[in-house]
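A.B. asks: how does the following fold in three dimensions:
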Amino acid sequence: MAVEQYSLPGLRYSLDALEPSISGQIMDLHYNKHHQTYITNLNKAPKETAEALSNGNLVKQLELQSAIKFNAGGHVNHTLFWENLSPSFENFQTTLETTALAIQGSGWVWLVKNELGGRLEITTSKDQDLPVPGNLAVLGIDMWEHAYYLQYWNNKKECLNNIWAVLNWNAAGKRYLGDRRAIYGDLAGLASRL
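C.D. replies: Predicted coordinates:
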């Protein structure tokens with residue numbers, strides 16, 4: 001009977017991709033050493049369990065059950081943990097800011113959900129135009145001068161750096177999961193005609 005062997009899950013990012021929040025050194029130690037130790041110990045358990053059973057060593061069998069639970073839990077928990085982490089927010093933030101700063105004159109930068117595939121995209125619109133049809137607004141940032149000039153003067157970048165602290169991600173999440181009515185509320189009919 002083949003015994004299942006476990007291995008480290010692949011990461012979708014490099015060990016240093018989470019810096020400065022989590023250093024590459026910590027990621028290397030955490031992933032390659034600690035997580036690998038849970039897997040190594042878990043993979044040894046079937047052989048050690050078979051030996052304890054063949055020797056009738058009940059105490060060792062009980063110890064191994066606890067060790068299996070601990071190491072299997074360490075493997076599962078860490079696998080979930082690595083999936084929770086992503087450098088993508090910083091990439092998203094940089095892309096959105098770069099797109100917003102490229103607007104000439106007045107307009108908006110949008111995080112939109114493409115209605116066909118559900119994919120998130122960053123777009124812009126001129127003046128007071130809505131996102132192009134087929135894209136549902138998830139998040140919009142006003143890039144007209146009236147939205148930043150009195151506080152930030154002509155430093156749009158500083159305004160964008162500071163706006164992250166006040167964005168309503170709960171509203172953005174509801175818009176992403178919803179339809180036109182969830183996004184535009186009572187203005188859905190008006191928005192559909194623009």
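A.B. asks: how near is the residue nearest the centre of the chain to A182?
C.D. replies: Geometric centre of the chain, nearest residue: S86, 5.2 Å, by Cα atoms, centre = their mean. With the distance defined as Cβ to Cβ, to the nearest Å, S86 ends up 26 Å from A182. Every residue, glycine included, has its C-beta placed from N, CA and C.
A.B. asks: equivalent analysis for V138, please.
C.D. replies: Taking Cβ to Cβ as the criterion, V138 is separated from A182 by 10 Å.
A.B. asks: mutual contacts of the two, please.
C.D. replies: With contacts taken as Cβ atoms under 8 Å, 6 or more residues apart in numbering, the residues that reach both V138 and A182 are R175.
A.B. asks: how does this structure divide into domains?
C.D. replies: 24-84, 88-193 (automatic domain parsing).
A.B. asks: switch those domains over to CSV; also include distance to S7 and mean pLDDT.
C.D. replies: Formatted as CSV, the entries for the domains of the chain read as follows, by distance: least, Cβ to Cβ, whole Å; pLDDT from 0 to 100:
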stretch, distance to S7, mean pLDDT
domain 24-84, 6, 91
domain 88-193, 25, 89
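A.B. asks: a markdown table for those domains, including distance to V3 and mean neighbour count?
C.D. replies: Formatted as a markdown table, the domains of the chain follow (distance: least, Cβ to Cβ, whole Å; neighbours: other Cβ atoms under 10 Å):
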| stretch | distance to V3 | mean neighbour count |
| --- | --- | --- |
| domain 24-84 | 4 | 14 |
| domain 88-193 | 37 | 14 |
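A.B. asks: reformat these as JSON lines; add distance to G10.
C.D. replies: Output for the domains of the chain, formatted as JSON lines (distance: least, Cβ to Cβ, whole Å):
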{"stretch": "domain 24-84", "distance to G10": "9"}
{"stretch": "domain 88-193", "distance to G10": "16"}
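A.B. asks: distance from the longest helix along the chain to the middle of the chain?
C.D. replies: With DSSP state H applied, the helix covering the greatest number of residues in the chain is identified as helix 58-84. When distances are taken as Cα atoms, centre = their mean, to the nearest Å, helix 58-84 is centred 26 Å away from the chain's centroid.
A.B. asks: swap in stretch 30-41?
C.D. replies: 23 Å.
A.B. asks: and what of stretch 39-49?
C.D. replies: A distance of 33 Å separates the centroid of the chain from that of stretch 39-49, by Cα atoms, centre = their mean.
A.B. asks: chain neighbours aside, what residue packs nearest to K126?
C.D. replies: What sits nearest to K126 in space, not counting adjacent residues and going by Cβ to Cβ, 6 or more residues apart in numbering, is G107, at 4.9 Å.
A.B. asks: sorry, that was for Q93
C.D. replies: Nearest residue to Q93 in three dimensions, chain neighbours excluded: W164, at 6.7 Å (Cβ to Cβ, 6+ apart).
A.B. asks: isn't the residue nearest to K126 right up against S125?
C.D. replies: Yes: between G107 and S125 a contact is recorded at 5.7 Å, counting by Cβ atoms under 8 Å.
A.B. asks: list the contacts of A45.
C.D. replies: A45 sits next to 64, 67-68, 71 when contact means Cβ under 8 Å, 6+ apart.
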